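In: here is a sequence together with a model predicted from it:
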Amino acid sequence: MKKVFFVSFVFFVFFVRNLFAYDYTLSSAGMPEDAVITIFGTEYRGVNAQGDVHFEAEKVEKSDVTVTCGGGYGYVVVADNVNRQVNVDFYQLFIPSASIKADTLYQYVMKMPLAYLCKSGNNLSHTTSKAKADKIIFIEDTKNTGLYYIYDLTAQRYIYYSSASVGGNATSQTASNVRMTNLSLSAKSWKILLRDDRETVSIVPGSVKTVNDNSPAWNFTGGIDHGYVLNLYKLSDSNSAWSIIDSSAGELACATSLFSLPGAEYMHRLVACEGQSVVDVDFGEITGLKLFFDRKDCGNRYAYVRGTAPSEEGSYSYTVKLQNSDGSLETARVTLTVSRFLQSPTPMMGWLTWNWFARAISHDKILGIAEGMQRLGLVDAGFNTIVLDDCWARQTSDKSQLTYDSAKFPQGISGFIDACRKVNPSLKVGLYSDAGSMTCENYQPGSYGYETTHISLFDSWGVDMLKYDFCNSQADARSSYQAMGRAVAEVNTLRHQQGGVPFVFNICEWGSNSPWLWASEAGGSSWRATNDARESWIGNTSRPGVLGGVDVVRDLWMYAGVNRFNDLDMMCIGLHGLGGPSNNTADHMSNGGIITGLTPEQARSQMSLWCMLSSPLALTCDLRATPSAEANTSAGKLPSPLITDADIATLTNADIISVNQDSLGQQAEYMAALSTGTKDYATTGYDVYLKDLTRGRKAVAICNRGAAAITSGVTLSLADLYMDAETTYTVKDIWSGEESKIQGSLSTGKLKAYETKVYIFSAAEATGIESATSKLQNAGTYKYFTENKEIMISGTSGITSITGTPGTLRISGLSGKSVKP
Ligand code: GLA
């Protein structure tokens, strides 16, 4: 009897436990190879962003997840019990130096919310001038993973705590729990934990075992006006949020390595660091550029450089003079590489295998995609690069054995490229690899340590592009990508000498380590700035939808330019809720893996925003005549045709593509003061974007974030959009195709739910070449603005081209075959 009861009881417990245990997905972006995530006693390593790892649980709290990692990495844990997902994202906060005397010291300045850390005598103090901040290094505590000694190089002292408890508003250093010491034996190590904003850190005494909101953390109690010194205070206090800033980073809060084609129109927006302003630029030997201040008091308030880049190839530089708030001056150097051989002067346009096929790729299927691209007019529209994402290689973990999977690609990668070229000779092929031990699918080896071998192999096959991921990393992001950047540069030196096309290097570390600050210098021409995009309108931090990604990238406009672009990831247009990994959204489980997908307005908004923000345009939808959903087996019967006429019209609209491919290479500015949209994954209000285009033209986009129409429309003053209130502009509404003339202000009329309207503005003057065209019936002098290149003019008597530089054009006669400046 007893036995029966016991067996029933065990069965009951087992049954009840399983009744309430749910399938949880564990995913991670940027998990270093040596990091470990522990949940309910089980250890997980090498977790990727695809949601490949599952476990059973009733409920998961953040405190149930422990993470161990060193190497200067921080992490953020999100336990989402509604969608049954646990996400652990890793971020490189700093690179530790091996010791005080290390050959390579990674030096930082540290900023609390109100000021920078510096010394005063032998005491800790603060300054509002970045130039006066102390240089700090971090040294790993070899006995305790994840703990670091903090050493002030300027003061030559360790920063330590005398007691690991919350202090008060001490007004003297000796009364504070945080002090400096020059004795290494007295030094104590600290926990440096990434805060939920994913940007700042909390610095907690290493001896604190369990960290919570009330734990003591290094804090600037009282702020700068109260005479208090730095002390330990509650971690939850906002004055416990520190920024660790690379001290070698440029002194400008914008791109400092710029590119141009010879003699091209050029623009560089100079955003100064907080507390500084641009006062002048010394252009040295460069004659075609000028500094402008007409945006200092409006919009995003910056000075900018504009004009014509040098016509000779070469490395140029100019020096920006900056003034601190106390009147002192500093300079920042900008490099300008002028070359005909740039990886990607405008954003890459292509198609990636991942979000439709995931692992299930092959020669025949992807050739079918190439044929679809050709048939549907996408190649003619400019989509010319096909990228084989993860799982194209033979399954092995041995880096020395990396080669294609001959079951998937029986003719090899070069055979696949040949086949694509038969479809259209302009097609190029890219491959995927990873700056770690294995790729994100843990399927094929990464390329860390094998950069030259692998890139030479890809080059020998005729591959023209690399997408380089960051799962299972073995070193910090910057040095890992620099190593591949050097290997790509070697290939490009040879290709340049041999008259080949440039090899393109796309960096994919999901924005975790602020690649916009270093990825161009590391040799890349575009870098993913967000986690993997998902097929939803908003999404969340670990799975951004259309707006989730845009809300991150819109603040990075000052880091984009010719040959350096923020990548918003693959577009979901044409997936119709049937894609593979892109389907892994919050509600993906509720309907057998099928989600609704984007509405036609949302799809046009995605195209509009990707183009305005100068993102590479990467498609991933199935373009074959009779598609089948390999990655998404639960999709069942596919609608036919899967790709609608509306999709193709959206993707091939020449005007919106011209906004993306404009050779000035600017990313649209988010015009915060003109927008009412709420960021933070909300669907309220509208957002306004402005993009400078060549020949003085501008593109303006207004995006309705919400599910309700804005019936009264949006009216914007042109003066607020960096335009002249008095000038009459010719305006084209890209999606309706309508043209009109306006002065003073722009009124959008009704904006449908999720609709983005995009307008191209040209001043009558700025389109001078067109007005010259219409007047070509008479000899005379005409004003025109154009780049130094040939422009075809039709419908005139014998005149077929004009060559010139901006200025005044003398047209000598009707019968001439060419017109000279
Ligand atoms: C990462 C990338 C994706 C894709 C997958 C492949 O998640 O961000 O774009 O390449 O890996 O495994």
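Out: Ah, there it is.
In: what's the end-to-end length of stretch 339-346?
Out: Terminal residues of stretch 339-346 are spaced 14 Å apart (C-alpha to C-alpha, to the nearest Å).
In: ok, now stretch 496-509?
Out: End-to-end for stretch 496-509, by C-alpha to C-alpha: 28 Å.
In: repeat for stretch 644-660
Out: Start and end residues of stretch 644-660 are separated by 22 Å (C-alpha to C-alpha).
In: now that stretch: mean pLDDT?
Out: The average of the pLDDT scores along stretch 644-660 is 96.
In: next: stretch 474-487.
Out: Stretch 474-487 comes out at a mean pLDDT of 92.
In: using CSV, write down the CA coordinates of it.
Out: Extracted in CSV, the C-alpha atoms of stretch 474-487 (Å, rounded to 0.1, in the frame of the first residue of the first chain):
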residue,chain,number,x,y,z
GLN,A,474,38.8,34.2,-28.7
ALA,A,475,40.0,37.8,-28.3
ASP,A,476,38.6,41.3,-28.0
ALA,A,477,36.5,42.5,-30.9
ARG,A,478,38.7,45.3,-32.1
SER,A,479,41.9,43.2,-32.4
SER,A,480,40.0,40.2,-33.8
TYR,A,481,38.6,42.4,-36.6
GLN,A,482,41.9,44.2,-37.1
ALA,A,483,43.6,40.9,-37.8
MET,A,484,41.0,40.0,-40.6
GLY,A,485,41.2,43.7,-41.8
ARG,A,486,44.9,43.3,-42.4
ALA,A,487,44.4,40.1,-44.3
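In: which parts of it are buried?
Out: By neighbour count on 16 or more other C-beta atoms under 10 Å, the buried set for stretch 474-487 is Ala475, Asp476, Ala477, Arg478, Ser480, Tyr481, Gln482, Ala483, Met484, Gly485, Ala487. Placement of C-beta: from N, CA and C, glycine included.
In: any idea how far it is from the chain center?
Out: Between the centre of stretch 474-487 and the centre of its host chain there is 17 Å, according to C-alpha atoms, centre = their mean, to the nearest Å.
In: now, which of the buried residues of stretch 474-487 lie within helices?
Out: The helices, defined by DSSP state H, take in Ala477, Arg478, Ser480, Tyr481, Gln482, Ala483, Met484, Gly485, Ala487 from these.
In: against Tyr481, how distant is the nearest residue to the second one once chain neighbours are set aside?
Out: Put plainly, it is Arg478. Take Arg478 and drop its neighbours on the chain: the residue closest to it by C-beta to C-beta, 6 or more residues apart in numbering is Trp518, 5.1 Å away. Using C-beta to C-beta, to the nearest Å, we find Trp518 at a distance of 8 Å from Tyr481.
In: can I get the ones in helices among the buried residues of stretch 474-487 in TSV with distance to Asp687?
Out: Below are those laid out as TSV (distance: C-beta to C-beta, whole Å):
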residue	distance to Asp687
Ala477	30
Arg478	31
Ser480	34
Tyr481	31
Gln482	35
Ala483	38
Met484	35
Gly485	34
Ala487	39
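In: hey, what's the nearest residue to Asp555 once chain neighbours are set aside bridged with?
Out: What sits nearest to Asp555 in space, not counting adjacent residues and going by C-beta to C-beta, 6+ apart, is Tyr670, at 6.6 Å. Beta-bridge pairing for Tyr670 (DSSP bridges): Tyr689.
In: pLDDT below threshold where in this structure?
Out: Filtered on pLDDT under 70, the chain yields the residue ranges 1-19, 222-225, 248-250, 584-594, 629, 631-637, 764-821.
In: what residues does it have near the ligand?
Out: Neighbours of the ligand within the chain, by C-beta under 6 Å from any ligand atom: 48-50, 354, 389-390, 432, 439-441, 469, 508, 510, 532.
In: now for those, which pair is the farthest apart?
Out: Glu441 and Trp510 (15.3 Å; C-beta to C-beta).
In: with neighbour numbers in mind, choose between these two.
Out: More neighbours surround Trp510 than the other of Glu441 and Trp510, with 27 against 20 (other C-beta atoms under 10 Å).
In: I'd assumed Gly30 was in contact with the more buried one.
Out: Yes. Taking contacts as C-beta atoms under 8 Å, Trp510 lies within contact range of Gly30: 6.3 Å.
In: pull up the overlap in contacts between those two.
Out: Common neighbours of Trp510 and Gly30 (criterion: C-beta atoms under 8 Å, 6 or more residues apart in numbering): Phe470.
In: what sits against Trp557?
Out: With contact set as C-beta under 8 Å, 6+ apart, Trp557 has these partners: Arg269, Leu613, Gln666, Gln667, Ala668, Glu669, Tyr670.
In: the fifth one and the ligand, how far apart?
Out: I take that to be Ala668. 23 Å (C-beta to the nearest ligand atom, to the nearest Å).
In: can you pull the phi/psi pair for the most centrally placed residue in the chain?
Out: With the centre of the chain defined as its mean C-alpha position, the nearest residue by C-alpha atoms, centre = their mean is Ala529, 1.9 Å away. The phi/psi pair for Ala529 (degrees, to the nearest 10) reads phi -110, psi 0.
In: which residues touch it?
Out: Gly511, Pro515, Trp516, Gly549, Val552, Val553, Leu556, Asn566, Asp567, Leu568.
In: restricted to strands, list those.
Out: Assigned to strands by DSSP state E, the following of these qualify: Asn566, Asp567.
In: ok, and the most crowded of the contacts of Ala529?
Out: The residue in these with the most neighbours, by other C-beta under 10 Å, is Asp567 (32 neighbours).
In: I'd say that one and Ser615 touch.
Out: Yes. With contact defined as C-beta under 8 Å, Asp567 reaches Ser615; the gap is 5.7 Å.
In: what residues of the host helix or strand of Arg421 count as buried?
Out: Following DSSP states H and E, one finds Arg421 within helix 412-423. By 16+ other C-beta under 10 Å, the buried positions in helix 412-423 come out as Ile413, Phe416, Ile417, Ala419, Cys420, Val423.
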